[in-house]
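Q: Got a predicted structure plus its sequence, pasted below:
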Amino acid sequence: MKPMTILGIVLILGGIFGLFFSRVSWTETKPLIKAGPIQIDHDEDHTVWIPTAAGVISVIAGLGLVMVSRRA
C-alpha cells in the first residue's frame, strides 16, 4: 500500500471517530497532600471537544487522498 493511501485511511477513520464521539473525557488522579505515609489524592476531570466540522473535513481529505493515490 502507498503511504498516501494509508494516510487517507487514517484520516477517514479519525474523522468517523470524531463524528460519532464528539467529546473525549478522562479522569486524572493527582496527589493533593503528601505528609509522610498519608497521601490525599484529587481527581481532575478533563474533556476535549471535537468539532463536527473537523470530522467532516478529515473524512473529505482522507477520501481525496485515497482517490489521488489510486490515480497516481
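A: Received the coordinates, thanks.
Q: Name the SS class of the closest residue to residue 48 other than its chain neighbours, please.
A: Excluding the flanking residues, the one nearest residue 48 by CB to CB, 6 or more residues apart in numbering is residue 24, at 4.9 Å. (C-beta placed from N, C-alpha, C; glycine too.) Classification of residue 24 by DSSP: H, G, I helix; E, B strand; the rest coil places it in strand.
Q: any idea how far residue 24 lies from residue 39?
A: 28 Å (CB to CB, to the nearest Å).
Q: hmm, who's touching the helix or strand where residue 58 lies?
A: If you go by DSSP states H and E, residue 58 is part of helix 52-71. Around helix 52-71, the neighbours that count as contacts under CB atoms under 8 Å, 6 or more residues apart in numbering are 2, 4-5, 7-19, 22.
Q: Buried residues in it, which are they?
A: 55, 58-59, 62, 65-66, 69 (16 or more other CB atoms under 10 Å).
Q: likewise stretch 17-32?
A: Here stretch 17-32 shows residue 18 as buried, counting by 16+ other CB under 10 Å.
Q: Send me it as PDB with only the CA atoms.
A: Listed next in PDB are the C-alpha coordinates belonging to stretch 17-32 (Å, rounded to 0.1, in the frame of the first residue of the first chain):
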ATOM      1  CA  PHE A  17     -14.400   8.600  15.100                       C
ATOM      2  CA  GLY A  18     -14.800  12.400  15.600                       C
ATOM      3  CA  LEU A  19     -18.300  12.400  14.100                       C
ATOM      4  CA  PHE A  20     -19.600   9.600  16.400                       C
ATOM      5  CA  PHE A  21     -17.800  10.700  19.600                       C
ATOM      6  CA  SER A  22     -18.000  14.400  19.800                       C
ATOM      7  CA  ARG A  23     -16.000  14.600  23.000                       C
ATOM      8  CA  VAL A  24     -13.400  12.600  24.800                       C
ATOM      9  CA  SER A  25     -13.200  12.600  28.600                       C
ATOM     10  CA  TRP A  26     -10.800  11.100  31.100                       C
ATOM     11  CA  THR A  27     -10.000  11.500  34.800                       C
ATOM     12  CA  GLU A  28      -6.500  12.100  36.100                       C
ATOM     13  CA  THR A  29      -5.600  11.500  39.700                       C
ATOM     14  CA  LYS A  30      -3.100  13.900  41.200                       C
ATOM     15  CA  PRO A  31      -1.700  13.900  44.700                       C
ATOM     16  CA  LEU A  32      -3.100  16.900  46.800                       C
END
